[in-house]
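Enquirer: Give me the fold of what follows.
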Amino acid sequence: MLDALAQIFSLIFSVSFILTVITASTPLLLAASGELVVERSGVLNLGIEGMMIMGAACGFAGAYLSGSTLIGALCGLVAGAALSAVFAILTLGLAVNQVAAGLALTILGVGLSGLIGAGFVG
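Expert: Below you'll find the predicted structure:
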């Protein structure tokens with residue numbers, strides 16, 4: 001029993017496991033730090049998940065179709081900026097509730113990314 005626990009403990013705290021966790025959590029930490037800045041200014045943006053997934057789907061599609069990582073990164077940047085602009089227009093221009101607009105953008109982003117990424121599955 002103790003030997004099994006020692007193996008599990010050594011697996012969890014191995015260098016490769018810790019590096020994998022750091023690698024996987026970096027995008028979430030970047031989004032959380034951006035949301036922290038936005039929250040400090042008084043805006044509640046619940047649409048960040050939709051913006052991130054649209055950026056990821058469009059970035060992958062752009063990189064795959066063009067064969068260039070730089071073009072893929074630019075496609076992801078443009079997709080995220082476009083959804084951010086939609087959020088800004090809704091909340092600042094049309095005075096829509098921030099919670100409703102953010103949740104709607106999350107749902108929109110998840111749906112559109114599934115539509116965009118459907119051709120790249122497999």
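Enquirer: mind listing what residue 78 touches?
Expert: Counting by C-beta atoms under 8 Å, 6 or more residues apart in numbering, residue 78 makes contact with residue 58. Yep, even glycine has a C-beta here, placed from its N, CA and C like the rest.
Enquirer: and the next element down the chain from the host helix or strand of it?
Expert: Assigned by DSSP states H and E, residue 78 falls within helix 69-88. Per DSSP H and E, helix 69-88 leads on to helix 98-117 as the next helix or strand towards the C-terminus.
Enquirer: how big is the angle separating that following helix from helix 69-88?
Expert: In terms of direction (axes from the mean of the first three to the mean of the last three C-alpha atoms, to 10 degrees), helix 98-117 departs from helix 69-88 by 150 degrees.
Enquirer: ok, now how distant is the residue nearest to residue 66 when sequence neighbours are not counted from residue 31?
Expert: Distances taken as C-beta to C-beta, 6 or more residues apart in numbering place residue 72 nearest to residue 66, at 6.9 Å, with adjacent residues excluded. Taking C-beta to C-beta, to the nearest Å as the measure, residue 72 and residue 31 are separated by 19 Å.
Enquirer: How about residue 23?
Expert: Noted for residue 23: a distance of 15 Å to residue 31, by C-beta to C-beta.
Enquirer: Check residue 98 too.
Expert: Between residue 98 and residue 31 the computed distance is 17 Å (C-beta to C-beta).
Enquirer: Then residue 90?
Expert: 20 Å.
Enquirer: More neighbours: the two, which one.
Expert: Legend: neighbour count by other C-beta atoms under 10 Å for residue 90 and residue 31, higher for residue 90 (19 against 16).
Enquirer: Hmm, residue 96 and the more buried one touching each other?
Expert: Yes. At 4.4 Å, residue 90 counts as touching residue 96 under the criterion of C-beta atoms under 8 Å.
Enquirer: where does the protein dip in pLDDT?
Expert: Residue ranges of the chain with pLDDT under 70: 1-2.
Enquirer: How much space separates the residue nearest in space to the middle of it from residue 84?
Expert: Computing the C-alpha centroid of the chain and ranking residues by C-alpha atoms, centre = their mean puts residue 52 first, at 2.6 Å. According to C-beta to C-beta, residue 52 and residue 84 sit 11 Å apart.
Enquirer: Many thanks, I have nothing further to ask.
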